[in-house]
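Trainee: predicted model follows, preceded by the sequence.
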Amino acid sequence: MSDSNAPDLSIVGDRLTLHPPGIVQDQETPLLTSYARFRSAPLDFLREVSLYLSGTGWRSYDDFIGRNIFYNGFSDHIKALVLKNPRLQARISELTHKRLDVELAEGTLPAYKVDDRRKEMEAQLVQVADSWTDQMICKMDSRRFIRGAYYFATQLLTRAYHQGIHVSSDEVLRLRKVAKEAERKKQSIIFLPCHRSHVDYVSLQLICYRLGLALPIVVAGDNLNFPVVGPFLQHAGAMWIRRSFGDDALYTTLVQAYLDTLLQEGHNFECFVEGGRSRTGKLLQPKFGILSFLLESVLSGQVEDAIICPVSTQYDKVIEVDSYISELLGQPKPKESLGNFLSSSSVLSLKLGRVDVRFHEPWSLRDFINEQKVRLTTLPPQMKTPGDIILKRRLLTTLGYKVLSDINAVSVVMPTALVGTVLLTLRGRGAGKSELVRRVDWLAERVKKQGGRIAHFSGLPTSVVVERALEVLGQNLVGEYKNLPEKTYYAADRFQLSFYRNMTIHLFVSEALVSAALYTKVKLGGGPEYQSISYNDLYDYVYFLSQLFRGEFIFPTTPLAENLTNTLTGLEADNIIAVNRSHNDGSTIESISLDESERLSGRENYDFYCFLIWPFIEASWLGAISLLMLTPPLTNAAQQTSLPLNSAVTQAQRLGKTLYAQGDISYLEAVNRETLRNAYTRFAESGIIFITSPSKDGKIPAAVYLTTEWMPERAEDGQIRAEGKLWEYCESISKARREGKNRRDGNTVVRRIFGLVDLVGTGLWKDAEPAKAALPVKGDAEWKAKRREIKTAPKL
């Protein structure tokens with residue numbers, strides 16, 4: 001399996017070696033190689049430790065590209081700049097005046113003591129800001145510490161990922177060139193990686209250290225700031241921020257002041273555009289919290305420019321997948337701790353393959369802003385100023401999705417993702433070794449045709465690459481039938497294997513949606529003439545599905561009609577579909593059907609695209625069906641209309657697990673908490689349900705209820721009627737579901753599913769407490785507004 005991409009770059013000892021494409025190596029040489037171990041080679045082990053302690057050669061980390069870091073007094077210098085930041089000083093002054101106004105209004109502050117009280121308040125706020133800054137900022141003060149940290153982190157990482165970290169030589173050389181120019185201009189490089197594992201930030205730090213780039217300062221949630229690990233990471237480059245800022249104006253301004261300072265000083269920076277780690281393997285929708293601060297730094301003029309570098313990190317196997325599956329199946333997320341991480345992953349003894357890190361071509365944030373402002377010509381003139389909220393929101397949204405698109409563009413598909421995808425998109429119980437290799441080859445070619453990239457393996461044959469992937473995945477994920485003439489493999493854990501399938505799905509979303517739309521006719525059976533769909537019907541259903549999955553996938557930015565035409569052209573060229581055009585002009589598409597050659601081959605290529613999207617269709621159908629549980633029972637004496645959101649999602653999962661056990665759902669992946677939550681969010685955007693915000697004190701949780709227009713009716717016996725807008729919506733989704741053994745008798749399905757929905761829903765309504773009404777605030781409207789403003793100031 002070879003690739004035309006740039007070759008891997010390997011660094012062994014003090015030598016940097018490029019391996020040209022097409023050259024078969026005796027063995028792979030990754031960026032990082034495992035160090036000697038004391039038991040097997042004590043002298044080599046002691047030698048390596050001494051080289052790091054003495055800082056010999058590149059290990060000294062003295063000659064790197066970027067602003068100076070790791071010197072005595074670094075954190076004190078940054079802290080002093082933050083506390084002097086004009087934005088922070090203005091906020092402290094504003095909060096002080098608000099507090100003074102309140103105390104004067106309440107009559108608790110004599111007029112002659114105002115100046116003294118102002119000084120006291122400002123001093124207290126400065127003290128609070130000083131304390132918070134010390135807890136927040138990274139403390140990269142010791143070069144000796146970072147040498148030891150690099151050695152320790154590499155020991156752990158190369159034991160877990162025994163095939164090392166791989167990068168593209170072209171991308172690394174380009175990045176070094178950009179870094180030199182950024183250093184000259186005193187500009188920061190903002191690394192924006194995807195986020196699938198805690199290993200993401202470790203691998204990027206190790207790459208920067210080994211290649212002589214200034215380490216980026218990494219945004220990390222304070223949930224990781226636990227004993228031992230927290231201080232270690234903070235001295236290695238982590239900055240700690242709260243998971244939620246709430247209405248704390250001082251803390252929000254402090255974070256902005258810190259980021260302003262870092263960018264003004266030209267320090268490299270790293271944050272995850274998705275926010276948290278993806279538990280499903282595919283990219284999540286962008287989170288705009290930290291991005292908004294970075295954009296504000298440039299929009300406000302505090303920073304002239306910064307360089308954006310999207311980063312893709314791909315794994316043969318992700319350490320935390322076991323815990324992800326537990327969370328997605330409804331188990332509570334365990335509290336972060338060093339013990340949990342090491343014990344759950346057995347990180348010191350795993351052999352998880354390799355890590356591939358790819359860097360998109362960096363680009364100017366200032367140029368991006370200027371280009372977007374020119375494009376937003378539809379805005380009224382008064383909305384085009386840099387500080388305008390509407391303009392900033394559009395810039396922020398476009399920025400987030402551009403970064404995700406760039407990450408997808410440079411992502412490589414790992415062998416485990418190829419094998420996992422093939423095993424989950426085949427009919428039957430398993431695949432022989434020869435069949436598995438054949439389909440992996442087919443999929444690799446499809447990936448390249450879609451503009452994707454396959455991990456570089458120095459020209460190794462596909463059979464060897466597949467064997468390595470099977471070894472890394474292990475028998476818990478991919479089982480083997482024994483005592484057969486040919487080795488035959490099957491998906492032993494479909495749920496966990498779906499994590500790796502989802503690493504490829506972004507390349508084929510358009511093809512999958514078209515195939516699902518066509519399946520609404522194919523599943524009806526009959527001759528080819530009965531399995532054809534008109535272009536208009538196809539367009540309408542693809543549009544319906546694309547709206548349904550708007551929160552699941554990153555779609556192309558081209559208009560739907562253009563993207564649909566391109567997709568149909570590609571599928572037609574692959575002989576998967578037949579496109580029937582008008583006899584009049586020969587260009588107008590009238591209908592679409594399966595190509596005859598695809599029928600004769602057993603629909604294996606067409607089915608591939610269907611199998612990709614079916615679990616998501618089923619999850620959305622489950623989410624829609626679960627909304628029927630929100631129909632209040634006739635015996636609703638308290639006249640309660642809403643239910644706690646978390647309880648509703650939990651019971652939707654219970655409903656899904658039951659339907660799966662009874663054969664009404666084909667895919668256990670559909671019972672996925674994250675996908676169900678995405679579905680509920682999408683239903684809220686469509687006006688089907690309304691989701692209330694939780695109270696700020698957390699005592700009143702988020703609640704959900706059906707809007708009046710979508711509320712089903714109950715019959716006199718209390719049963720929900722199979723009619724109305726919500727039921728029609730469920731049926732629209734169901735048209736593209738994979739046909740199963742329990743779905744052919746429509747009346748039986750309705751009776752069984754509705755009975756089960758009512759059974760689960762009755763318990764849900766019975767357990768739910770009546771919603772607590774928020775107590776009104778006494779006083780006039782002006783006083784209420786004043787009190788709301790005061791809440792933004794910390795108590796003194």
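Mentor: Received, thanks. Residues are numbered from 1 along each chain as shown.
Trainee: backbone dihedrals for Asp115, please?
Mentor: Phi and psi for Asp115, reported as degrees, to the nearest 10, are phi -60, psi -40.
Trainee: give me the pLDDT for it.
Mentor: Note for Asp115: predicted pLDDT of 84.
Trainee: show me the contacts for it.
Mentor: By C-beta atoms under 8 Å, 6 or more residues apart in numbering, the contact list for Asp115 is empty. Just so you know, the C-beta spots here come from the backbone N, C-alpha and C atoms, and that holds for glycine as well.
Trainee: tell me how far it lies from Tyr251.
Mentor: 27 Å (C-beta to C-beta, to the nearest Å).
Trainee: buried stuff in stretch 501-516?
Mentor: Counting neighbours by 16 or more other C-beta atoms under 10 Å, one finds that the buried residues in stretch 501-516 are 501-516.
Trainee: most widely separated two among these?
Mentor: Met503 and Val514 (21.4 Å; C-beta to C-beta).
Trainee: assign Gly479 to helix, strand or coil.
Mentor: strand (DSSP: H, G, I helix; E, B strand; the rest coil).
Trainee: so what's it up against?
Mentor: Contacts of Gly479 by C-beta under 8 Å, 6+ apart are 489-492.
Trainee: same deal with Thr462?
Mentor: Applying C-beta under 8 Å, 6+ apart, the residues near Thr462 are 1, 437, 440-441, 444.
Trainee: confirm Ile733 sits in a helix?
Mentor: Yes: secondary structure assignment places Ile733 in a helix (three-state DSSP).
Trainee: now Thr313, which residues is it bridged with?
Mentor: Val357 (DSSP bridges).
Trainee: so how many other residues sit close to Thr692?
Mentor: Per other C-beta atoms under 10 Å, the neighbour tally for Thr692 reads 15.
Trainee: so which of the buried residues of stretch 501-516 comes closest to Gln302?
Mentor: For the buried residues of stretch 501-516, the nearest to Gln302 is His506 (35.1 Å; C-beta to C-beta).
Trainee: show me what contacts the spatially closest residue to the closest one that is not a sequence neighbour?
Mentor: Take His506 and drop its neighbours on the chain: the residue closest to it by C-beta to C-beta, 6 or more residues apart in numbering is Asn408, 5.2 Å away. Taking C-beta under 8 Å, 6+ apart as the criterion, Asn408 is in contact with 283, 312, 506-507, 554.
Trainee: distance of Val114 from Thr108?
Mentor: Where Thr108 is concerned, Val114 sits at a distance of 12 Å (C-beta to C-beta).
Trainee: and what of Pro615?
Mentor: Counting by C-beta to C-beta, the gap from Pro615 to Thr108 is 62 Å.
Trainee: more neighbours: the two, which one.
Mentor: Shown here are Pro615 and Thr108; by other C-beta under 10 Å, Pro615 has more neighbours (25 against 9).
Trainee: contacts only, for that one.
Mentor: 498, 667, 669-670.
Trainee: export the residues you listed to TSV and tack on distance to Arg751?
Mentor: Formatted as TSV, the contacts of Pro615 follow (distance: C-beta to C-beta, whole Å):
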residue	distance to Arg751
Ser498	31
Tyr667	23
Glu669	26
Ala670	21
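Trainee: nearest to Leu524 among those?
Mentor: Using C-beta to C-beta, the contacts of Pro615 come closest to Leu524 at Tyr667, 21.6 Å.
Trainee: and the closest one, what does it touch?
Mentor: 494, 614-615, 618-619, 660.
Trainee: restricted to buried residues, select these in ChimeraX.
Mentor: Buried residues among these (16+ other C-beta under 10 Å), as a ChimeraX selection:
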select :494,614,615,618,619,660
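Trainee: from the contacts of Tyr667, which land in strands?
Mentor: Assignment to strands by DSSP state E places none of these there.
Trainee: with pLDDT and distance to Ser326 added, can I get the contacts of Tyr667 in a markdown table?
Mentor: Output for these, formatted as a markdown table (pLDDT from 0 to 100; distance: C-beta to C-beta, whole Å):
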| residue | pLDDT | distance to Ser326 |
| --- | --- | --- |
| Arg494 | 92 | 15 |
| Trp614 | 96 | 24 |
| Pro615 | 94 | 18 |
| Glu618 | 94 | 21 |
| Ala619 | 94 | 18 |
| Tyr660 | 91 | 17 |
